[in-house]
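Peer 1: Give me the fold of what follows.
(chains A and B)
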Amino acid sequence: MPKLNLVSHFEAALLFALFSSIVLGIVTKKTDKERLQYGLRCFAYFVGSVFVIGWLMYFGHR
Amino acid sequence: MANTSTSAGTSTPAFRAWLPVVALGWLIPGGGHFLLHRRGRGALVSLSVIMMFVLGLMMRGPMFQPQTGDLLTTIIYTGGFIGDVCSGILYFLAVWLGYAQPDVAGHVHDYGAKFLVAAGLLNVLALTDAYEIAIGKKD
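Peer 2: Below you'll find the model as predicted:
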């Protein structure tokens, strides 16, 4: 199996967010439209959290 | 598939209704949904769990082995092991084919370990969904 060595924190977090959001969307809501909306919202929350926590860590280490 | 047994005056879902679904869903990610003829959802669950697991392997994430000691060690290693095993056949295939990555320092390896555990936890979420469909609580 090829080794994936060049992935950054951000890329890894995006991949994690993508697949987690898909499953969260599928298992949580009842209609396909609601699932899509919830999945997209979860993905946005994940990515938003990455930026917020990233900035918090940046200022926390200054 | 909303079979229920009403022994002792309580309404509990019959084993036959959900056990095959949960067992297949654990062993093959998305299998429970396929058994319930939810092919679209099954395919997406399967894709997500398999991709997460394969990415974890490609990042050379170590598999957790159950360890005891102080409380934190027990929770992290035993919980991580349970998370790994929840991926079903993916975990067993990786182990049977000789995947034994040592726990080394580095953020990519660290992410890999988390991806492997998260794949199992996503499969548990999918199992819960399949269970609720099987007992008729959800469509």
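Peer 1: Return the backbone torsion pair for B:Asp103.
Peer 2: In this entry, B:Asp103 is assigned phi and psi values of phi -80, psi 100 (degrees, to the nearest 10).
Peer 1: quick one: it and B:Arg60 touch, right?
Peer 2: No - taking C-beta atoms under 8 Å as the definition, B:Asp103 is not a contact partner of B:Arg60, at 10.3 Å. Where C-beta positions appear, they are placed from N, C-alpha and C, glycine not excepted.
Peer 1: neighbour-wise, which of those two wins?
Peer 2: Taking B:Asp103 and B:Arg60 together and counting by other C-beta atoms under 10 Å in any protein chain shown, B:Arg60 has the greater number of neighbours (20 against 12).
Peer 1: For that one, give me the pLDDT.
Peer 2: Confidence at B:Arg60, expressed as pLDDT, is 90.
Peer 1: what residues are up against residue 39?
Peer 2: Since no chain was named, I'll use chain A. Contacts of A:Gly39 were listed using C-beta atoms under 8 Å, 6 or more residues apart in numbering or on different chains, and they are A:21-22, A:24-26.
Peer 1: try again with chain B
Peer 2: Shown in contact with B:Arg39 (C-beta under 8 Å, 6+ apart): B:His33.
Peer 1: Give me the pLDDT for it.
Peer 2: Checking the pLDDT column for B:Arg39, the value is 93.
Peer 1: how about it, phi and psi?
Peer 2: Torsion angles at B:Arg39 (phi, psi; degrees, to the nearest 10) stand at phi -70, psi -40.
Peer 1: Repeat that for B:Gly30.
Peer 2: Reported as degrees, to the nearest 10, the phi and psi values for B:Gly30 are phi 90, psi -10.
Peer 1: got it, and the one 10 residues further on?
Peer 2: When read as degrees, to the nearest 10, the backbone of B:Gly40 gives phi -60, psi -50.
Peer 1: go on, the one 10 residues further on?
Peer 2: Per-residue torsions, B:Ile50: phi -60, psi -40 (degrees, to the nearest 10).
Peer 1: So what's the residue count around the residue nearest to it when sequence neighbours are not counted?
Peer 2: Distance criterion C-beta to C-beta, 6 or more residues apart in numbering or on different chains; nearest residue to B:Ile50, sequence neighbours excluded, is B:Pro29 at 6.3 Å. Using other C-beta under 10 Å, B:Pro29 has 30 other residues around it.
Peer 1: cool, and B:Gly112?
Peer 2: 24.
Peer 1: In contact with it, which residues are there?
Peer 2: With C-beta under 8 Å, 6+ apart as the criterion, the residues that contact B:Gly112 are B:55-62, B:101.
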